[in-house]
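**Q** Build the 3D model from these lines:
(one chain, ligands or ions: 1)
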Amino acid sequence: MIRFFFHRKIEASIAAAVILSCASIFCCGSQQGRPDRDDTDTDVQASTVHSALGSEGIVVSEDSMATLVGVEVLREGGNAVDAAVAVAFALAVTFPEAGNIGGGGFLVMHDSARDMEGALDFREKAPLAAYPELYTILADSGNPDASREGVLSSGIPGSPAGLYTAWEEWGSLPWERIVNPSVELALDGFPVGEGLLKRLSDASKYAAKYRSFREGFYPNGVLPKVGDILIQEDLGGVLSIVAKDGVEPFYRGALAEKLVSEVRKAGGIWTLEDLENYRAEIRDPVRIAFPDRSGVELIAMPPPSSGALVIGQTLAYLEFQGALDRRAENARRAAALVESLRLAFADRNTKLGDPGSMPVPLTELLSHAYLIERSAMLPSSYPGDSRSVPSDLPGRESDNTTHICVIDRNGMTVSLTTTLNSLFGSKWIVPGTGILLNNQMDDFNAVPGKPNLYKLVGYEVNDVKPGARMLSSMAPTIVLKEGEVWFALGARGGPRILTSVLQVIINRCIDGMNLVDAVAAPRIHHQWYPDAVYFEKEVEAHELRKSLDSLGYHVEFRPMVGKVLAVERLPGGELIGVVDPRTCGLAMPVVAR
Ligand code: DON
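**A** The predicted model follows:
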């Protein structure tokens, strides 16, 4: 049950967070007549970058209350993983559009003290009863949105297992200490801010459709007001169990039985076996040496994330075209970026899938020999054409996420992206549990022949297969210089995550922009299909757009390309955290009391 209270006394730390949120809200603006919008744009945005400096550790997230939870964990001696996990649980309460325990995500970490790094995959899995034709059959029988909303759109959640595994492997504080703040936020409640209100307003058509969603967030069926206190009793109950007993009950036992029975009552296909079988996977992170031999290396996420592939391949193609040289002319660099992305996204869409269900040739796809051979497909004159990039496969054509960055006082660094897929995921809360489920099944090639929510064209390699993980664009990344952490970043925005993370890396590493400017700078996007170059609205009158237009590219506008959160260790050891002006959030250092 979720209850709202009005004008309730609030804790001092929460009050501080609200004041900080309000500070961001004052500089937020909404956009009128947005072109080509999807869920990823439905956020309250700040008009300036928010950044903060400190030296004893720093936390960045899209929600101020969650950031404060992480800062407290660091202050009490927790490490970066403890803090990131605590922030992720807090976001499941205070940032329900994307923060979750009913979704999944990816994490990369680097621990300089122990000279180790890791990657964790807690992506959702298709239920065992799912099969490639499922969503086509549902579409043909009058349910075209089954992969995008409602109970059938949800994969088996990975977040509880992933967050627990991260803590078990790399955390240090007691588990209860990590989860308890989220229990308190759920049971004591927190004041609804402008951002949550805006997103609930954007999702209100679903409130009419899904009773559990309506009962969860729309008291008496209407939008709450700013300052109303949102109490989530059922979610708090589940989180208390998790705080006390770990995540085992989520996957086995009474809670698991409740989840499966509610899902099935609502017409879903989960079984107890699906939950019992779920494991978060520790994977080898992919090291990508920056092609300009500057000593910069990336720690990137392997499949089923497409982070390492798209970022690694694009950097190589840029180098082959001489476009990593900052002296190159801007329009030529942009055209080279589009052409590189065209090839990289074609490989992403046609060759990447779940490594647990099929061999994924990532090493080959990132090898020098392969990249040289494939670069023959780069056009000799601009623009290229997506139809000229063969897929080697039968031609079957076919946005909400949030990022956390933490660096602790010992330099341990975490970059974690988690998602429900689009705004409030499936828009279906498992009755009696407060758990909002994901709509990640749409990230598969759900209905062959029909592009997904992000207009990505899907192929057989990413078909719905029982027990498989769906391909993802989430790309938490850490950038090293001479083996030491330089900065870490991640984004939300579906496939635009990949282009955003990549462009911030180029801005910082090649163009020498500081992190604040690198995050704020206008970005472009291309993803093979649709064969268009997306520009942010702000650069509508920009020279670059005009030059790409005159080169013959088909140019379209989006309100924004991705939303990036980042942290950096500055040369003197100081830490800076940055929140993209395209979103709200809080970067906060650990400061002495
Ligand atoms: O994993 C993916 O690629 C998508 N589910 C991510 C969705 C997303 O970033 C929506 N963002 N705001």
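**Q** thought residue 152 was touching residue 264?
**A** No: assessed by C-beta atoms under 8 Å, residue 152 is found out of contact with residue 264, at 11.2 Å. Using the backbone N, CA and C atoms, a C-beta is placed for each residue, glycine as well.
**Q** These two: who's more crowded?
**A** More crowded of residue 152 and residue 264, by other C-beta atoms under 10 Å: residue 152, with 25 against 13.
**Q** Assign the closest residue to that one other than its chain neighbours to helix, strand or coil.
**A** The shortest distance from residue 152 to any non-neighbouring residue, by C-beta to C-beta, 6 or more residues apart in numbering, is to residue 146 (4.5 Å). The three-state label given to residue 146 by DSSP: H, G, I helix; E, B strand; the rest coil is coil.
**Q** same deal with residue 90?
**A** Criterion first, three-state DSSP; result for residue 90: helix.
**Q** Tell me the spacing between it and residue 370.
**A** For residue 90, the distance to residue 370 equals 42 Å [C-beta to C-beta, to the nearest Å].
**Q** neighbour-wise, which of the two wins?
**A** residue 90 (31 against 16).
**Q** wait, that one sits on residue 59?
**A** No: counting by C-beta under 8 Å, residue 90 sits too far from residue 59 to count as a contact (10.6 Å).
**Q** intersection of neighbour lists for the two?
**A** With contacts defined as C-beta atoms under 8 Å, 6 or more residues apart in numbering, the residues shared by residue 90 and residue 59 are residue 70.
**Q** what about this protein, any weak spots by pLDDT?
**A** The model of the chain has pLDDT under 70 over residues 1-48, 390-399, 538-541, 593.
**Q** now the helices for the stretch 451-593 of the chain?
**A** Taking DSSP state H, counting those that start in this stretch to define them, one finds helices in the stretch 451-593 of the chain at 496-509, 515-520, 543-551.
**Q** and the first one, anywhere near the ligand?
**A** What that stands for is helix 496-509. Yes: contact of helix 496-509 with the ligand (C-beta under 6 Å from any ligand atom) involves residue 497.
**Q** In terms of secondary structure, what does that helix contact?
**A** With contacts taken as 3 or more C-beta pairs under 8 Å, 6 or more residues apart in numbering; DSSP states H and E, helix 496-509 sits against helix 307-320, strand 477-481, strand 484-492, helix 515-520, strand 524-525, strand 563-569.
**Q** Serialize the ones you listed to TSV and add fields for distance to the ligand.
**A** Conversion of these to TSV gives the following (distance: least, C-beta to the nearest ligand atom, whole Å):
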stretch	distance to the ligand
helix 307-320	10
strand 477-481	14
strand 484-492	4
helix 515-520	16
strand 524-525	13
strand 563-569	7
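**Q** could these be laid out in CSV, adding mean neighbour count?
**A** Shown next, in CSV, are the helices and strands packed on helix 496-509 (neighbours: other C-beta atoms under 10 Å):
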stretch, mean neighbour count
helix 307-320, 25
strand 477-481, 24
strand 484-492, 26
helix 515-520, 21
strand 524-525, 24
strand 563-569, 27
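**Q** The closest residue to residue 476 other than its chain neighbours is in what secondary structure piece?
**A** Once flanking residues are discounted, residue 476 sits nearest to residue 415: 3.8 Å by C-beta to C-beta, 6+ apart. Residue 415 belongs to strand 413-419 when assigned by DSSP states H and E.
**Q** Which element is encountered next along the chain beyond that strand?
**A** Downstream of strand 413-419, the next assigned helix or strand under DSSP H and E is strand 429-430.
**Q** roughly how far is that next one from the heart of the chain?
**A** Distance of strand 429-430 from the chain centroid (C-alpha atoms, centre = their mean, to the nearest Å) equals 21 Å.
**Q** which stretches of the stretch 201-350 of the chain form helices?
**A** All helices of the stretch 201-350 of the chain, identified by DSSP H, counting those that start in this stretch, fall at 204-209, 211-217, 233-245, 248-251, 254-265, 272-277, 307-320, 330-351.
**Q** Please identify the buried residues of the fifth one?
**A** Neighbour counts over helix 254-265 (16 or more other C-beta atoms under 10 Å) mark 255, 256, 258, 259, 260, 262, 263 as buried.
**Q** how near is the residue lying closest to the last one once chain neighbours are set aside to residue 209?
**A** Distances taken as C-beta to C-beta, 6+ apart put residue 270 closest to residue 263, at 4.4 Å, once the chain neighbours are dropped. Applying C-beta to C-beta, the value for residue 270 to residue 209 is 21 Å.
**Q** Between these two, which is the more surrounded one?
**A** Using other C-beta under 10 Å as the criterion, residue 270 and residue 209 rank with residue 270 on top: 24 against 12.
**Q** in terms of contact, does the more buried one touch residue 264 like I think?
**A** Yes: the pair residue 270 / residue 264 is scored as a contact, 6.8 Å apart, by C-beta under 8 Å.
**Q** Which residue ranges of the stretch 1-150 of the chain form strands?
**A** Along the stretch 1-150 of the chain, the stretches classed as strands by DSSP state E, counting those that start in this stretch are 2-5, 28-29, 45-46, 50-54, 57-61, 104-111, 116-122.
**Q** So which of those is nearest residue 298?
**A** Across the strands of the stretch 1-150 of the chain, residue 298 has its closest neighbour in strand 104-111 (9.6 Å, C-beta to C-beta).
**Q** Grab the CA positions of the closest one and hand them over as PDB.
**A** Output in PDB follows, covering the C-alpha atoms of strand 104-111 (Å, rounded to 0.1, in the frame of the first residue of the first chain):
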ATOM      1  CA  GLY A 104      18.200  -4.500 -13.800                       C
ATOM      2  CA  GLY A 105      21.400  -2.900 -14.700                       C
ATOM      3  CA  PHE A 106      25.200  -3.000 -15.000                       C
ATOM      4  CA  LEU A 107      28.100  -1.900 -12.900                       C
ATOM      5  CA  VAL A 108      31.800  -1.400 -13.500                       C
ATOM      6  CA  MET A 109      34.200  -0.700 -10.600                       C
ATOM      7  CA  HIS A 110      37.900  -0.100 -10.200                       C
ATOM      8  CA  ASP A 111      39.800  -0.400  -6.900                       C
END
